[in-house]
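S.K.: One predicted model, sequence on top.
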Amino acid sequence: MINAGQFVISKREYCGYGFRHVKLNERFILSYHQDLQVYINQQYNMLLMGTVWNVMEDMPEPIAELEHLGNQYHGYIPDEQIDLVEKNWCGRYVLIVQGRVYLDAVGLFGIFFSKEGISSSSQILADVMGLPEKIYQPPASINWLPAPLTHYEQIRRLFPGQVYDYIENKIYKRELVVQDLPENIGESGKIKYFTELFAQSLRNMAQAVPDRKILIALTGGYDSRTLLALAAYAGINFECFTLEHENMSKADMTIPRRLCDEVKCGYTYIPREKDQYSEKLNRDYGFHTGGFANDADRLFYSYGQYQKLTEKYGRCVLLRSSVWETVVFYYRKFIGDEFDPASIYGNYNAQGLVKESLQDYFIWIRNNRQEGLNACNRFYWEQRCGSWLSAIEQSFDILEDCISLQPLNCRLLISLLLGFPKEERAAKEHQLKIISYACSKLRDIEFEGKGKQAGFRTYMLRIKKLLWRLRTMGIKKTMQVYINIIKMKR
């Protein structure tokens, strides 16, 4: 259903189908869809929306922690106290305390804002503002729009390193990396601590969604395999699935079933049937996401592949693994330890709104540095996750009986991974060590792109990417990209 699972806080009610209304104060009204899980305290000044749990063992649930803060601070709750409890939270959620808006770790519950209020949907916020309906159309060079600008001049997107006060209409910086981490525990201590913590988080998550079947999206790569190993270690009840797509590698077709056989869990392969494509579903998806999620998941939905999971399992939660890329220097081909705007503009052939938004972002980061994050990982955290992935995660709200969660979406867990050596993270060696500790037999099966698994389609995709870079970046910049790749591999 379009606009399912969304909310808006504004100066007037949003009268969409299935929306409920709560008056927060004399100026603002909360309108939220009935499918959205919402907590509101008795004073109507503390809200928690979405799916959230604590990663720690024997710690209060997030709602209980909020109620304790409210009792402890009868007036203004300091940001540092909020950070102290929220750093251990995981899930897809937004926290609002006395008008201040805090995103989840990487901003998967995206927030748009204007002088008129805030919303999880740019379309809903535009509607309550009386703006004409408008769907974003991304350029060919980049299929997502970096924050903070949107295709509405009056509406902006919040990113994870920001806190927005919608009552005062002010933006404040927020530190992303947790600083008070365990020290002097050595490599084996880090691996054990992270694995035990992640496993406990998965067990807590299972309790937070007790009426849903847990399904892990599985490919032939590192990230989903790491999650699979940790889920097996945690001892939770789950199954796995793979969705067929046009550019699928041989590894993604064959390896997932072998992995599931090793851990003795159920596995479902959902083929793509061309006659099942629905243009209506495609349009609905675009409207629901405002056009910001123009990626593979749009086709999965338009072909009805995700819907087949709910037909088989009923109410389910899909566990996905995109957040693992946050610490592995994903953009190392053109972003180093410091930002070089010209290189980023060149890589994306950035023009128009994309370039304007990036320029606005660079102004912010020049004045608001993030301790413990270099430019490469910060761009992935705030932009790739906070904009691209956030829009994709929002798209799952349109699915009936299905939610998507990224189990690494916790500031404490991401910060622990940042503690592994840079070279290990770039090569994903830290994940291999976690897999070996959690479920060693999964490491012995080859990975996507290794050996014979790098088939014809994989090479064709690499050639297409090379040609695109030559066309958009020119010979000189393209050569520099591949020189950087060679240096990193060495």
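M.R.: Thanks, I have it.
S.K.: and stretch 310-325, what's its mean pLDDT?
M.R.: Averaged across stretch 310-325, the pLDDT comes to 96.
S.K.: how distant is that stretch from the center of its chain?
M.R.: Between the centre of stretch 310-325 and the centre of its chain there are 13 Å (Cα atoms, centre = their mean, to the nearest Å).
S.K.: what sits up against it?
M.R.: Residues from elsewhere that reach stretch 310-325, judged by Cβ atoms under 8 Å, 6 or more residues apart in numbering: 105-106, 209, 211-217, 222-224, 226-227, 231, 238-239, 268, 306, 309, 380, 384-385, 389, 392, 396, 399-409, 414, 431. For glycine as for every other residue, the C-beta is placed from the backbone atoms N, C-alpha and C.
S.K.: now residue 410: how far from residue 428?
M.R.: 19 Å (Cβ to Cβ, to the nearest Å).
S.K.: higher neighbour count, these two?
M.R.: The residue with more neighbours, out of residue 410 and residue 428, is residue 410; 28 against 20, by other Cβ atoms under 10 Å.
S.K.: Show the pLDDT at the more buried one.
M.R.: 98.
S.K.: what about residue 12, helix or strand, and which?
M.R.: Using DSSP states H and E, residue 12 sits in no helix or strand.
S.K.: what's near enough to touch it?
M.R.: So residue 12 contacts 29, 128 (Cβ under 8 Å, 6+ apart).
S.K.: The one 4 residues further on now?
M.R.: Residues counted as contacts of residue 16 (Cβ under 8 Å, 6+ apart) are 3, 31, 33, 124.
S.K.: How is it assigned, secondary-structure-wise?
M.R.: coil (DSSP: H, G, I helix; E, B strand; the rest coil).
S.K.: Kindly give the local confidence score, pLDDT, for it.
M.R.: Reading off the model, residue 16 has pLDDT 91.
S.K.: Okay, it and residue 280: tell me how far apart.
M.R.: Where residue 280 is concerned, residue 16 sits at a distance of 19 Å (Cβ to Cβ).
S.K.: Can you give me the neighbour number for residue 27?
M.R.: 13.
S.K.: Please apply the same query to residue 467.
M.R.: So residue 467, with other Cβ under 10 Å, has 11 neighbours.
S.K.: and residue 266, how many residues sit next to it?
M.R.: Every residue meeting other Cβ under 10 Å relative to residue 266 is counted, giving 13.
S.K.: Model confidence score at it, please.
M.R.: For residue 266, pLDDT reads 97.
S.K.: ok, now residue 75?
M.R.: On the pLDDT scale, residue 75 gets 78.
S.K.: hang on, it is in a helix, isn't it?
M.R.: No. Counting by three-state DSSP, residue 75 falls outside a helix, being coil.
S.K.: dump the residue contacts of residue 434.
M.R.: So residue 434 contacts 191, 194, 195, 226, 229, 230 (Cβ under 8 Å, 6+ apart).
S.K.: and which of these is nearest to residue 366?
M.R.: Ranked by distance to residue 366 (Cβ to Cβ), those are led by residue 194 at 32.9 Å.
S.K.: Tally up the residues packed near the closest residue to residue 56 other than its chain neighbours, please.
M.R.: Excluding its sequence neighbours, the residue lying closest to residue 56 (Cβ to Cβ, 6 or more residues apart in numbering) is residue 88, at 5.2 Å. By the criterion of other Cβ under 10 Å, residue 88 has 20 neighbours.
S.K.: Residue 123 versus residue 88, what's the distance?
M.R.: 33 Å.
S.K.: do residue 199 as well
M.R.: For residue 199, the distance to residue 123 (Cβ to Cβ) stands at 39 Å.
S.K.: ok, residue 113 - contacts?
M.R.: 101, 119, 125, 155, 156, 157, 158, 164, 166.
S.K.: That one belongs to a helix?
M.R.: No. Counting by three-state DSSP, residue 113 is not found in a helix; it is strand.
S.K.: which non-adjacent residue is nearest it?
M.R.: residue 164 (5.4 Å).
S.K.: Return the residues in contact with that neighbour.
M.R.: Residue 164 neighbours (Cβ under 8 Å, 6+ apart): 100, 101, 111, 113, 118, 158, 170, 171, 172.
S.K.: Of the residues you listed, grab the buried ones for PyMOL.
M.R.: Only the buried entries of those go into this PyMOL selection, using 16 or more other Cβ atoms under 10 Å:
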select buried, resi 100+101+111+113+118+158+171
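S.K.: and the end-to-end length of stretch 59-77?
M.R.: End-to-end distance of stretch 59-77 (Cα to Cα, to the nearest Å): 20 Å.
S.K.: Give me the contacts around that stretch.
M.R.: Taking Cβ under 8 Å, 6+ apart as the rule, stretch 59-77 contacts 39, 41, 43, 46, 48, 52-54, 81-82, 85-86, 88-89, 95, 97-98.
S.K.: Tell me the buried residues in it?
M.R.: Neighbour-count burial for stretch 59-77 [16+ other Cβ under 10 Å]: 59, 62, 65, 66, 67, 69, 70, 77.
S.K.: likewise stretch 286-293?
M.R.: Buried residues in stretch 286-293 (16+ other Cβ under 10 Å): 286, 287, 288, 289, 290, 291, 292, 293.
S.K.: Surely the fifth one touches residue 120?
M.R.: So the one you mean is residue 290. No. At 10.5 Å, residue 290 does not count as touching residue 120 under the criterion of Cβ atoms under 8 Å.
S.K.: Please, where are all the strands along the stretch 301-450 of the chain?
M.R.: 316-319, 402-405 (DSSP state E, counting those that start in this stretch).
S.K.: Can you add distance to residue 182 and give these back as TSV?
M.R.: Below are the strands of the stretch 301-450 of the chain laid out as TSV (distance: least, Cβ to Cβ, whole Å):
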stretch	distance to residue 182
strand 316-319	26
strand 402-405	26
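S.K.: Just tell me which of those strands ends up closest to residue 358.
M.R.: Nearest of those (Cβ to Cβ): strand 402-405, 27.1 Å.
S.K.: do you know how far the nearest residue to residue 359 once chain neighbours are set aside is from residue 89?
M.R.: Spatially, and ignoring its direct neighbours in sequence, residue 359 is nearest to residue 341 (7.4 Å; Cβ to Cβ, 6+ apart). In this view, residue 341 and residue 89 are 33 Å apart by Cβ to Cβ.
S.K.: Of these two, give the one with the bigger neighbour count.
M.R.: Using other Cβ under 10 Å, the more surrounded residue of residue 341 and residue 89 is residue 89, with 26 against 15.
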